[in-house]
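1. What would the 3D arrangement of this be:
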Amino acid sequence: MSRKKNNQIVIYIIKGSTIKRFLILDLIIGSGIFYVVKFISSSILIASVSSFIGTEGIKKAPKVLKYAIESISMD
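-> Numbering: from 1, shown residues only. Coordinates of the predicted model:
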């Protein structure tokens with residue numbers, strides 16, 4: 001049995017805006033939420049969960065708001 005060598009190179013292109021959004025949202029805002037909640041609750045577990053939920057909520061907020069505005073305007 002002969003094996004063929006697969007000499008492919010895969011290149012991923014990431015937009016600068018995607019990197020900027022990640023840095024701002026996940027690193028800066030996520031860290032901010034973490035330290036504020038940690039200061040208030042003195043719990044790393046609660047701060048970690050709050051940081052995750054907060055950043056995911058911020059990411060999904062525009063979609064939810066758009067849907068809510070569209071459903072209100074249809075009434």
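
2. Would you indicate which residues of the helix or strand containing I58 are buried?
-> Using DSSP states H and E, I58 falls within helix 44-74. Applying a neighbour-count criterion of 16 or more other Cβ atoms under 10 Å, one finds 47, 50-51, 54-55 buried in helix 44-74. Where you see a C-beta, it was placed from the backbone N, CA and C, and this is true even at glycine.

3. Stretch 56-75: how far from the chain's middle?
-> Centroid separation between stretch 56-75 and its chain, computed with Cα atoms, centre = their mean, to the nearest Å, is 17 Å.

4. Output it in CSV, but only the C-alpha positions, please.
-> Coordinates of the C-alpha atoms in stretch 56-75 are reproduced here as CSV (Å, rounded to 0.1, in the frame of the first residue of the first chain):
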residue,chain,number,x,y,z
GLU,A,56,-22.0,36.5,25.1
GLY,A,57,-25.0,38.7,26.0
ILE,A,58,-23.2,41.7,24.4
LYS,A,59,-22.4,39.7,21.3
LYS,A,60,-26.1,38.6,20.9
ALA,A,61,-27.7,41.9,21.9
PRO,A,62,-27.8,43.4,18.4
LYS,A,63,-29.6,40.4,17.0
VAL,A,64,-32.1,40.3,19.8
LEU,A,65,-32.8,44.1,19.6
LYS,A,66,-33.2,43.9,15.8
TYR,A,67,-35.7,41.1,16.2
ALA,A,68,-37.6,43.0,18.9
ILE,A,69,-37.8,46.2,16.9
GLU,A,70,-39.0,44.3,13.8
SER,A,71,-41.7,42.5,15.8
ILE,A,72,-42.9,45.8,17.4
SER,A,73,-43.0,47.6,14.1
MET,A,74,-45.1,44.8,12.5
ASP,A,75,-47.9,45.2,15.1
